[in-house]
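**Student:** 3D, please:
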Amino acid sequence: MEDELANLNLADKEEDPVQGQEDDEESEEDVSLCMVGRVLTDSAVHFSSMRNVLVELWHLIEGVTISKIDNRILLHFYNEIGLERVLDGIP
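**Tutor:** Residues are numbered from 1 along each chain as shown. From the prediction side, this is the model:
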């Protein structure tokens, strides 16, 4: 085992694990049109039914993707207009 460890060496140049600034800007744009919400009830909620009701109520131009994350929901809008309409109080 000592012989195997003796042959180990580090590479002269290591890759930087941090992504470049361009990638960071793209990821910020992606989350700028997202919201995280929670259903305010202690009883069980059928997720797919709730998702269908929200999509039908909002009638957003480019739509919305609704995902379940534990006991919360992630809403990903495809344009600012849809996000603003929901934040301004559409049912």
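**Student:** And the pLDDT for the residue lying closest to residue 39 once chain neighbours are set aside?
**Tutor:** Excluding the flanking residues, the one nearest residue 39 by C-beta to C-beta, 6 or more residues apart in numbering is residue 45, at 4.9 Å. Every residue, glycine included, has its C-beta placed from N, CA and C. pLDDT recorded at residue 45 is 87.
**Student:** For residue 45, the count of nearby residues, please.
**Tutor:** 11 (other C-beta atoms under 10 Å).
**Student:** For it, pull up the helix or strand it's in.
**Tutor:** Residue 45 belongs to no helix or strand when assigned by DSSP states H and E.
**Student:** Surely it is in contact with residue 38?
**Tutor:** No - Residue 45 is beyond contact range of residue 38, at 10.0 Å (criterion: C-beta atoms under 8 Å).
**Student:** Count the neighbours of the closest residue to residue 74 other than its chain neighbours for me.
**Tutor:** If the residues on either side of it in the chain are set aside, residue 74 comes closest to residue 67, at 4.5 Å by C-beta to C-beta, 6+ apart. Residues within reach of residue 67, counting by other C-beta under 10 Å, total 13.
**Student:** With the one 10 residues further on instead?
**Tutor:** The number of residues packed near residue 77 is 23, by other C-beta under 10 Å.
**Student:** Looking at strand pairing, list the partners for the nearest residue to residue 33 once chain neighbours are set aside.
**Tutor:** By the measure of C-beta to C-beta, 6+ apart, the closest residue to residue 33 outside its immediate chain neighbours is residue 77, 4.5 Å from it. Beta-bridge pairing for residue 77 (DSSP bridges): residue 64.
**Student:** OK, contacts around residue 77?
**Tutor:** 33, 34, 35, 60, 62, 64, 83, 86 (C-beta atoms under 8 Å, 6 or more residues apart in numbering).
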